[in-house]
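Colleague: Turn this into a structure:
(chains A and B)
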Amino acid sequence: RKEVEQDPGPFNVPEGATVAFNCTYSNSASQSFFWYRQDCRKEPKLLMSVYSSGNEDGRFTAQLNRASQYISLLIRDSKLSDSATYLCAVKRGGSYIPTFGRGTSLIVHP
Amino acid sequence: ETGVTQTPRHLVMGMTNKKSLKCEQHLGHNAMYWYKQSAKKPLELMFVYSLEERVENNSVPSRFSPECPNSSHLFLHLHTLQPEDSALYLCASSQELADIYNEQFFGPGTRLTVL
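Modeller: Below is the predicted model of the structure:
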């Protein structure tokens, strides 16, 4: 089983839709979690860190489910500009190096 | 606007060439990383430096040779590459290596094509 797994998609949604992605991790000792956004032919940029209690930033909500070992990203009221690949990254305790998933592609259409 | 810059942005080289990729971070960070990103694959960590000291070499072939002369600069020297080495090479930095809550800041990458 891969250490970090994501459904590659693409998720094809209309503007205004709500969409959610999950990212599962295999190591129960994982301690910190991140969502990055990567636009086509650009570098990844941090979207948000994921806190134990869950956190929200505008239309974006991140959740952590330790029991089932996954994190989620919910995007409400999708915009055309949300079209990108969303990468999750996980750091396990005792390691300072994040492991990235292969990303989930989101396409928001008019 | 980015605190991590990379040059060149695009590079085409033959298998017998020698070239170098350069990365510079203006964020005052102590850790720097090289990643390889190939189509439809996750980011692959290649090397990690903390305060100019290499702390991880992720089973990377010797045709890739990193150099970190100071905490702001990172190089990746390339020689006798193979076509399968064609990819996007991303440099990243983070504030402290040991802080697991630090996020990484990426440069724009060098898109490398090996003919």
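
Colleague: Which positions within the helix or strand bottoming out on mean pLDDT in chain B qualify as buried?
Modeller: One helix or strand of chain B scores below all others by mean pLDDT, DSSP states H and E: strand B:53-57, with a mean of 81. For strand B:53-57, a neighbour-count test (16 or more other Cβ atoms under 10 Å in any protein chain shown) marks B:Glu56 as buried. Bear in mind the C-beta positions are built from the backbone N, C-alpha and C, glycine included.

Colleague: Could you list the paired strands of it along with their orientation?
Modeller: Using DSSP bridges, the strands paired with strand B:53-57 are strand B:44-50 (antiparallel).

Colleague: Might you report the residue contacts of A:Lys42?
Modeller: B:108-109 (Cβ atoms under 8 Å, 6 or more residues apart in numbering or on different chains).

Colleague: So it: helix, strand or coil?
Modeller: Here A:Lys42 is recorded as coil under DSSP: H, G, I helix; E, B strand; the rest coil.

Colleague: Would you mind measuring from it to B:Arg9?
Modeller: 11 Å (Cβ to Cβ, to the nearest Å).

Colleague: Same question for B:Cys68.
Modeller: Taking Cβ to Cβ, one finds B:Cys68 at 21 Å from B:Arg9.

Colleague: what about these two, which has more around it?
Modeller: More crowded of B:Cys68 and B:Arg9, by other Cβ atoms under 10 Å in any protein chain shown: B:Cys68, with 20 against 11.

Colleague: any idea which element the more buried one lies in?
Modeller: strand B:64-70 (DSSP states H and E).

Colleague: Is that strand in proximity to chain A?
Modeller: No - using Cβ under 8 Å from any Cβ of the partner chain, strand B:64-70 stays clear of chain A, with a minimum separation of 15.0 Å.

Colleague: Output that strand as CSV, nothing but the C-alphas.
Modeller: Written as CSV, here are the backbone C-alpha positions of strand B:64-70 (Å, rounded to 0.1, in the frame of the first residue of the first chain):
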residue,chain,number,x,y,z
PHE,B,64,22.8,13.8,-10.2
SER,B,65,25.2,15.6,-7.8
PRO,B,66,23.9,18.2,-5.4
GLU,B,67,25.9,21.1,-3.9
CYS,B,68,24.9,23.5,-1.2
PRO,B,69,27.5,26.2,-0.7
ASN,B,70,25.4,28.1,1.8
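
Colleague: elements contacting that strand?
Modeller: Contact here means 3 or more Cβ pairs under 8 Å, 6 or more residues apart in numbering or on different chains; DSSP states H and E; on that basis strand B:64-70 packs against strand B:44-50, strand B:53-57, strand B:73-79.

Colleague: Could you identify which of those has the lowest mean pLDDT?
Modeller: Looking at those, the lowest mean pLDDT belongs to strand B:53-57 (a mean of 81).

Colleague: C-alpha coordinates for that strand, PDB please?
Modeller: The C-alpha coordinates for strand B:53-57 follow below in PDB (Å, rounded to 0.1, in the frame of the first residue of the first chain):
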ATOM      1  CA  GLU B  53      24.700  19.700   5.300                       C
ATOM      2  CA  ARG B  54      23.200  16.900   3.300                       C
ATOM      3  CA  VAL B  55      20.800  14.900   5.500                       C
ATOM      4  CA  GLU B  56      19.100  12.700   2.900                       C
ATOM      5  CA  ASN B  57      20.000  11.200  -0.400                       C
END
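
Colleague: Residues contacting stretch B:52-60, please?
Modeller: Here stretch B:52-60 has contacts from A:97, B:44-49, B:66, B:68-71, B:97, using Cβ under 8 Å, 6+ apart.
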